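**Q** I need the structure of the sequence given here:
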Amino acid sequence: MTEKIKIFIADDHPIFRGGLRQLIALELNMEVMGEAKDGAEAIERLLHCQADVALLDIDMPKASGFDVLTAVREKGLTLQFIFLTMHKDEQFLNAALDLGVKGFLVKDSAAEEVIDCINAVVNGEEFISPQLTGFLLKRIRQVQAAPAKASQLDHLTLTERKVLKLIAAYKTNKEIAAELNMGVRTVEQHRLNISEKFDLKGRHALMKFAAENVGNLEA
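**A** Residues are numbered from 1 along each chain as shown. Model (predicted):
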């Protein structure tokens, strides 16, 4: 018998969470092996449940879906992520794709799409709610039209480049400090300097910038 796909669900709405659980229970190749009602609980439980796929609400109490993804990756877990959202938000979609999220579902159509989405991501494919196709096409056009980003990085010092590469690898400030033999506050100052140089604002702007540009950084 083929091993079942192990799925974890994190959402602060118990009715929605229960609906997903019931849909997944109907699939012979899937099983729900854990749930959480907020982001902090999701982080704690994901570290121990050995899930293959995590369905994460973006807007959760205590920690967002983005926060959960970052925390879990910092611990070395390699499961796939599917983000769930009530909002047809272009910024959230782009931030998720920049972080390597392969599944992105709008909640009002999740019941029809979640099974196909899970099967897609476990096979290494992307699945985005059709409602967001316009944003996806816009993203593709922007990537095709954008000039090479390598020249932007000329504004960074050698140390800032090293810090940016480690940020893209989901390292914490403490881990970056240990690897580069500097203080945590020094790392924080480098992060601030990079953000100021490129006018990066918002909780995830620096992580997004690092993910987008890591391929242009010198080894």
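**Q** Would you verify that residue 33 is located in a strand?
**A** Yes. The assignment for residue 33 (DSSP: H, G, I helix; E, B strand; the rest coil) places it in a strand.
**Q** Can you name the next helix or strand after the helix or strand of the chain with the lowest mean pLDDT?
**A** Sorting the helices and strands of the chain by mean pLDDT, DSSP states H and E puts helix 133-145 at the bottom, at a mean of 63. Next helix or strand after helix 133-145 toward the C-terminus (DSSP states H and E): helix 158-168.
**Q** what comes up buried for stretch 9-19?
**A** 9-12, 16-17 (16 or more other C-beta atoms under 10 Å). C-beta here means a position set from N, CA and C on the backbone, and glycine is covered the same way.
**Q** Mind picking the one among those that's closest to residue 54?
**A** Taking C-beta to C-beta as the measure, residue 54 lies nearest residue 10 of the buried residues of stretch 9-19, at 6.8 Å.
**Q** Okay, and the beta partners of the closest one?
**A** Judged by DSSP bridges, the bridge partners of residue 10 are residue 36, residue 56.
**Q** Can you give me the pLDDT of it?
**A** As predicted, residue 10 sits at a pLDDT of 95.
**Q** From here on, call the first residue 32.
**A** Will do, 32 is the new start, and the previous item becomes residue 41.
**Q** I figured it hits residue 100, correct?
**A** No. Using C-beta atoms under 8 Å, residue 41 makes no contact with residue 100, being 10.6 Å away.
**Q** Break this structure down into its structural domains.
**A** 36-174, 181-247 (automatic domain parsing).
**Q** Most tightly packed of those domains?
**A** Ranked by mean neighbour count, these are led by domain 36-174 with a mean of 18 (mean count of other C-beta atoms under 10 Å).
**Q** wouldn't residue 111 be in contact with residue 85 here?
**A** Yes. Residue 111 is in contact with residue 85 according to C-beta under 8 Å; the separation is 7.4 Å.
**Q** related to what we said a few turns ago, which single one of the buried residues of stretch 40-50 is nearest to residue 155?
**A** Among these, and counting by C-beta to C-beta, the member closest to residue 155 is residue 40, at 21.4 Å.
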